[in-house]
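S.K.: Quick one, structure for this:
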Amino acid sequence: MADNNSNNPKNTNEVSDPGRRSFVKNTGIAVGGVAGGALLGGLFSNRSKNDTNSNTAADKGSGKEKRYEEARMYFTRIADFAILEQAVERIFPEDDNGPGAIELGVPYYIDKQLAGPYGSNVGDYRQGPFIGSKAAASDSSLDRGQIFINGLRTMDAESQKRFDTNFVKATEDQQLEIMTDFADDKVEVKGISSKGFFNLLRSTTLEGAYCDPLYGGNRDMKGWKMKEYPGAIASYAHMIEEDQFVKMDQVSLTDYQPK
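M.R.: Now for the predicted structure:
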C-alpha cells in the first residue's frame, strides 16, 4: 500500500529528497541500503521528548480534543510506549504531504493489536525448532508482544550505550542510526533478529497509517485523505462509467453502523 523504506543518518547532507517515505523505501523486505534524510521532518516526534514520565505524545492526541478511546491496553510502561512513538514517527514522519505516525494514531493501533489475539499469536503454529537470535518474527519463540517489548527496550539500551541518553531524548539522527543498524541486522535482540523486529515494526506502522479507523489507526482517515483513497465504499456502480477521476469523501466501516 505504501511506497516506502530506510536511510542513513550519517549521510543526511547527501540526500536530496527529505520526503517522508525514504526510510521506509530503502528498508523494505530485503532490508539494506543506506539511510538518509528521509525522516528529518517528524514535527510530531518532538512531543514525547519533553516529558516521558507523564502523558506521551499520542496520549495528548492532536491537542484539539480528548480521545477517550485512545488508551494504552498492552504497554503498561509509559517509557516503552514513548519509544514506540519515536520509532514509528521515524518510519512515517510528518511532512508537507500530511501527518506522521503519531498524529495518525499508529502507536495506539499497534498497542491495540498487541493487546488482542495478534499480540499473543493466537492460532499460529508455535512449536519448535526455533532459530533464536537470527529468527524472523514468524520463526521466534516469542510472541509478537514480547518481540515488541524486547525490540523497543533494546533500542533504548543501544541509545544509552552509544549516546548516553535514552532513545526518546536522542536526536533524530541518533535515532535513525540505531534504527538503520536494526534494519541491517547489526544489533543483538533477545529471541529475534534485529532485522526481524524492524520488519515487524515497519509493517505494523504502515498498517496503522492506512487501516480502517475501526481498528484504531488512520485517525480521522487522514492517511486515506493523503492518497485520495475513498475507503470502505460499498459500491462504485453509480460512477463506473465516468471518464474522469472522481474524488470522493472517505468512508469508514464505522459509517455503516445501524442508525
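S.K.: Can you read off the pLDDT for the residue nearest to Thr254 when sequence neighbours are not counted?
M.R.: In space, and not counting its chain neighbours, Thr254 is closest to Leu214: 5.3 Å by Cβ to Cβ, 6 or more residues apart in numbering. (Glycine included, C-beta is placed from N, CA and C.) Leu214 is assigned 92 on the pLDDT scale.
S.K.: quick one: contacts for Leu214?
M.R.: Ser252, Leu253, Thr254 (Cβ atoms under 8 Å, 6 or more residues apart in numbering).
S.K.: Ok, Leu142 next?
M.R.: Shown in contact with Leu142 (Cβ under 8 Å, 6+ apart): Asn150, Gly191, Ile192.
S.K.: ditto for Thr254
M.R.: Counting by Cβ under 8 Å, 6+ apart, the residues that Thr254 touches are Asp212, Pro213, Leu214.
S.K.: could these be laid out in a markdown table, adding distance to Asp80?
M.R.: What follows is the contacts of Thr254, written out as a markdown table (distance: Cβ to Cβ, whole Å):
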| residue | distance to Asp80 |
| --- | --- |
| Asp212 | 26 |
| Pro213 | 24 |
| Leu214 | 25 |
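S.K.: What separation do you get for the most centrally placed residue in the chain and Ile110?
M.R.: With distances taken as Cα atoms, centre = their mean, the chain has Thr205 as the residue nearest its mean C-alpha position (2.6 Å). From Thr205 over to Ile110 the distance is 8 Å, taken as Cβ to Cβ, to the nearest Å.
S.K.: Residues that sit against both of the two, list them.
M.R.: Shared contacts of Thr205 and Ile110 (Cβ under 8 Å, 6+ apart): Val88.
S.K.: so which of the contacts of Thr254 comes closest to Ser120?
M.R.: Leu214 (21.1 Å; Cβ to Cβ).
S.K.: any idea how far that closest one lies from Tyr109?
M.R.: Taken as Cβ to Cβ, the span from Leu214 to Tyr109 is 11 Å.
S.K.: picking that back up, for Pro230, state which of the contacts of Thr254 is nearest.
M.R.: The closest of the contacts of Thr254 to Pro230 turns out to be Asp212 (Cβ to Cβ; 11.8 Å).
S.K.: Identify the residue nearest the closest one in space, chain neighbours excluded?
M.R.: Leu253 (5.0 Å).
S.K.: can you pull the contacts of that neighbour?
M.R.: Applying Cβ under 8 Å, 6+ apart, the residues near Leu253 are Asp212, Leu214, Ala232.
S.K.: could those residues go into a markdown table alongside distance to Leu114?
M.R.: What follows is those, written out as a markdown table (distance: Cβ to Cβ, whole Å):
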| residue | distance to Leu114 |
| --- | --- |
| Asp212 | 18 |
| Leu214 | 17 |
| Ala232 | 24 |
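S.K.: That concludes my questions; thank you for your assistance.
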